[in-house]
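Visitor: I would like the atomic coordinates for the input below:
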Amino acid sequence: MADTFILTINTGSDAFQDGARLQEVSRILAQAASQLADDDREEGTLRDVNGNTVGLFGFEPEGGPTS
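Guide: Next comes the predicted model:
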């Protein structure tokens, strides 16, 4: 059985406005990669540059809602 890795980012906050969407998503993806690699975390919360919670990441067991 294999788990599924899920990462969700809500781009509705001010940090994603005025042409900053791609840069902010890139920054948040780097944040998630750092948490996975450096902090050895299997799940976590993602925050935009303003400190707002904008997403989550983690592993979901096979057979979960996304299967």
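
Visitor: Would you agree residue 10 is in contact with residue 48?
Guide: No. Look at residue 10 against residue 48 with Cβ atoms under 8 Å: they stay out of range, at 9.1 Å. (Each C-beta comes from the backbone N, C-alpha and C, glycine too.)

Visitor: Overlap in contacts, those two.
Guide: Listed as contacting both residue 10 and residue 48 by Cβ atoms under 8 Å, 6 or more residues apart in numbering are residue 54.

Visitor: For those two, work out which one has more neighbours and name it.
Guide: Per other Cβ atoms under 10 Å, whichever of residue 10 and residue 48 has more neighbours is residue 48, with 23 against 13.

Visitor: Phi first, then psi, for the closest residue to that one other than its chain neighbours.
Guide: Nearest residue to residue 48 in three dimensions, chain neighbours excluded: residue 15, at 3.7 Å (Cβ to Cβ, 6 or more residues apart in numbering). The phi/psi pair for residue 15 (degrees, to the nearest 10) reads phi -60, psi -20.

Visitor: Residue 53 is in contact with residue 15, correct?
Guide: No. Counting by Cβ under 8 Å, residue 15 sits too far from residue 53 to count as a contact (11.5 Å).

Visitor: which one of these two has more residues nearby?
Guide: Per other Cβ under 10 Å, whichever of residue 15 and residue 53 has more neighbours is residue 15, with 21 against 11.

Visitor: Give the partner strands of the longest strand along the chain in its sheet and their orientations.
Guide: Longest strand in the chain by number of residues (criterion: DSSP state E): strand 53-60. For strand 53-60, the paired strands and their directions (DSSP bridges) are strand 4-9 (antiparallel), strand 43-47 (antiparallel).

Visitor: Tell me which of those strands is the most buried.
Guide: strand 43-47 (a mean of 15; mean count of other Cβ atoms under 10 Å).

Visitor: Identify the residues contacting the nearest residue to residue 46 once chain neighbours are set aside.
Guide: Among residues not flanking residue 46 along the chain, residue 55 sits closest, at 3.7 Å (Cβ to Cβ, 6+ apart). By Cβ under 8 Å, 6+ apart, the contact list for residue 55 reads 7-10, 28, 45-46.
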